[in-house]
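>>> Just the structure for this:
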Amino acid sequence: MLAFMRATEMDENTAEFLRRLILKIPLCEMKPILEAWDFLSEGQLQTVNLKQRKEFLAQEVILLCEKQCASLDDVALLDIMYTQFHRHQKLWTVFQMRKEPGEEIDFFDMEQFQHSFKRILQRALKNALKVASKHHQIVQLDLRSRHLDSLKTIAFREYNQTSENYNSTMSLHERSLGLEISLDSRIIHENKEEKVRIHRVTQETFGAYPQPQLEFAQYTLETKFKSDLGRGILADRKEPLRCLVKFSSPHLLEALKSLAPAGIADVPLSPLLTCIPSKKMNYFKIRDK
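Here you go, the predicted structure:
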């Protein structure tokens, strides 16, 4: 009997991992996250008192998980569920997997990928991804955001589908007419044609669809000092001058899209600002040619 009890108890590190995880989950999200975890049965979840102090709640969940012989992998899955609920609180980095030149790009079977990935997980993460997905190279892209769905949209170029549809089905006259209708009929516009042009160029640049959500774009400029006044400290400097410019906003691309219509900027905007989705980058390095 004693041996059986030992077999069902969780490892001390696993129990502590679970305790800390339960403590950081907000009470209002506890039930949906535990349900999404799908490790404890519905009947077991109904016995959990969600109105008690977190320490007691954590101990109650640990006891239930011990009865289910929860492993470290099971608790790690709960951590993934928590991360899914709070994915906007993390800064995500995009990696692109590439094959050798000439090889066809195929869409691998996800179930087979997961099986292979687990089997070779003891290797370095990048090597595991390369082998499991049958790619030869993984390259980190200069693209980061807290919005995982937007990163996916940019990485797989899903953002421009509506734009292509929009441009192919709407004529310039229809788009101009749409602008006229949207404007207050009581206001007389001194330069109606210019507003129509700004609207057209903005739609051609950004499309009519909602923009992927990024919080910033960062530009690092490296240049040599140039002067016609002869030599000096800066002119003799071997290292390039470096300047960092960062644009930030809760929704940067939508903010950029609104600049010209609001009269804050001319159209077209600089390609360095409008190429962010197409180049899959929001970190840029600008150097002298």
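
>>> ok, residue 41 - contacts?
If a contact means C-beta atoms under 8 Å, 6 or more residues apart in numbering, then residue 41 has no contacts. Heads up, the C-betas are built off the backbone N, CA and C, glycines and all.

>>> could you measure it against residue 47, distance?
Separation of residue 41 from residue 47 (C-beta to C-beta, to the nearest Å): 10 Å.

>>> One more: residue 131?
43 Å.

>>> Have a look at the two and say which one is more surrounded.
residue 131 (15 against 10; other C-beta atoms under 10 Å).

>>> I figured that one hits residue 138, correct?
No. In this structure residue 131 lies outside contact range of residue 138 using C-beta atoms under 8 Å: 10.8 Å.

>>> Pull the number of nearby residues for residue 67.
Residue 67, neighbours per other C-beta under 10 Å, totals 12.

>>> Let's test this: what are the backbone torsions at it?
phi -60, psi -30 (degrees, to the nearest 10).

>>> That one and residue 58, how far apart?
15 Å.

>>> Domain map for the chain?
With domains defined by automatic domain parsing, the chain comprises 2-85, 92-146, 154-287.

>>> Serialize the ones you listed to JSON lines and add fields for mean pLDDT.
Shown next, in JSON lines, are the domains of the chain (pLDDT from 0 to 100):
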{"stretch": "domain 2-85", "mean pLDDT": "86"}
{"stretch": "domain 92-146", "mean pLDDT": "74"}
{"stretch": "domain 154-287", "mean pLDDT": "77"}
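
>>> For this structure, which segments are assigned as strands?
Secondary structure of the chain by DSSP state E: the strands cover 92-98, 137-145, 216-223, 241-248, 283-287.

>>> Which of these sits closest to residue 205?
Among those, the nearest to residue 205 by C-beta to C-beta is strand 216-223 (15.2 Å).

>>> tell me what that closest one is packed against?
strand 241-248, strand 283-287 (3 or more C-beta pairs under 8 Å, 6 or more residues apart in numbering; DSSP states H and E).

>>> Could you report the separation of the residue nearest to residue 248 when sequence neighbours are not counted from residue 251?
Leaving aside its sequence neighbours, residue 248 sits nearest to residue 216 (C-beta to C-beta, 6 or more residues apart in numbering; 4.3 Å). Counting by C-beta to C-beta, the gap from residue 216 to residue 251 is 11 Å.

>>> before we move on, what about residue 66?
45 Å.

>>> Over to residue 207?
From residue 207 over to residue 251 the distance is 15 Å, taken as C-beta to C-beta.

>>> and if you look at residue 34?
To residue 251, residue 34 is 32 Å away according to C-beta to C-beta.

>>> neighbour-wise, which of these two wins?
residue 34 (21 against 17).

>>> Would you check that the more buried one makes contact with residue 46?
No. At 11.0 Å, residue 34 does not count as touching residue 46 under the criterion of C-beta under 8 Å.

>>> Could you list everything residue 139 pairs with in the sheet?
residue 96 (DSSP bridges).

>>> So that it lines up with my notes, have the first residue be 42 from now on.
Will do, 42 is the new start, and the previous item becomes residue 180.

>>> and it, how many residues sit next to it?
Other residues near residue 180 come to 9 when the count uses other C-beta under 10 Å.

>>> ok, now which ones touch it?
Counting by C-beta under 8 Å, 6+ apart, residue 180 makes contact with 136-137, 139.

>>> for residue 310, same thing?
Each residue near residue 310 by C-beta under 8 Å, 6+ apart is listed here: 246, 297, 300-301.

>>> Scan those residues and report the most crowded one.
Going by other C-beta under 10 Å, residue 297 tops the contacts of residue 310 with 23 neighbours.

>>> Once you drop chain neighbours, what's closest to that residue?
Nearest residue to residue 297, sequence neighbours excluded (C-beta to C-beta, 6+ apart): residue 314, at 5.5 Å.

>>> residues near that neighbour, how many?
Residue 314: 18 neighbours (other C-beta under 10 Å).

>>> quick one: contacts for it?
258, 288, 297.

>>> Quickly note the distance from residue 266 to residue 307.
From residue 266 across to residue 307, the span is 29 Å (C-beta to C-beta).

>>> no no, residue 157
Applying C-beta to C-beta to residue 157 and residue 307 gives a distance of 52 Å.

>>> Repeat that for residue 235.
Residue 235 is 10 Å from residue 307, by C-beta to C-beta.

>>> what's the answer for residue 313, then?
Applying C-beta to C-beta, the value for residue 313 to residue 307 is 15 Å.
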